[in-house]
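Peer 1: Need coordinates for the following:
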Amino acid sequence: MLPPDALGWLTFLLKHAGPLIIAIVGCICIYSLQRVADLRSTPLFAIVRILMLIDIVNIVVGKIHDIPDEVAGKELFGIVSVTVVLIVQCIRWFAQLLALPILSILHFLSLYKPVRFRKLRLMHGYSIIVLFLSVSVLLTIPLLTTCCGFTYYVEGAFWAFDFGKPGTALYTQLNLILQVSPK
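Peer 2: Just a heads-up that it's a prediction; the model follows:
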């Protein structure tokens, strides 16, 4: 439901305007990266551009779903909408989780082996992108089964693991292992 007081309205606006501002800044950054020819052709910035694009899509899709639901105080969209938001959020999560070590390795390579780093071409960057996006899609697929998944709580306007499904506890542990092990 809509907030009854000024503080509630301020919280509501900041909660939803902040991510949208971040999405706009992300669009400006992607546009700026595309304008610089030296950056446009490097694998490192190809990966960064894809990650930023995934972030922007996640914010827009999430807000299209969340704002009307929060205003109405109930789930307005069907299971298809929730599934689309879930897929986008999980692909973003796993893609960024898997890309961080790759970006770290590329950064290390650029500092300690600059000649080898300069030999990397845009095709190498696209290959890396296909690899971590494929793995993130594969890690998202179990959430579409009946054994585990997420749910959207309209009352609190947040997403969380659905522990009513039997495989969610195992999937949560896998998620924690992926978060800790690459670092």
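
Peer 1: looking at this protein, which helix or strand is least sure?
Peer 2: strand 150-153 (a mean of 71; mean pLDDT, DSSP states H and E).

Peer 1: All the helices of the chain, residue numbers only.
Peer 2: Assigned by DSSP state H, the chain shows helices spanning 6-35, 37-40, 43-72, 79-112, 114-119, 122-140, 168-180.

Peer 1: Give me the residues contacting the least confident helix or strand of the chain.
Peer 2: 65-66, 69, 75, 82, 85-86, 89-90, 143, 158-162, 164 (CB atoms under 8 Å, 6 or more residues apart in numbering). Backbone N, C-alpha and C define where each C-beta goes, glycine included.

Peer 1: Put the buried members of the residues you listed into a PyMOL selection.
Peer 2: PyMOL command restricting these to the buried ones, with burial defined by 16 or more other CB atoms under 10 Å:
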select buried, resi 65+66+69+75+82+85+86+89+90+143+159+161
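
Peer 1: Lowest-confidence entry in the contacts of strand 150-153?
Peer 2: pLDDT across those is lowest for Phe158, at 69.

Peer 1: In this structure Ser41 contacts Leu120, no?
Peer 2: No - in this structure, Ser41 is not within contact of Leu120 by CB atoms under 8 Å, at 10.5 Å.

Peer 1: Those two: who's more crowded?
Peer 2: More crowded of Ser41 and Leu120, by other CB atoms under 10 Å: Leu120, with 16 against 12.

Peer 1: And that one, how far from Ser110?
Peer 2: From Leu120 over to Ser110 the distance is 9 Å, taken as CB to CB, to the nearest Å.
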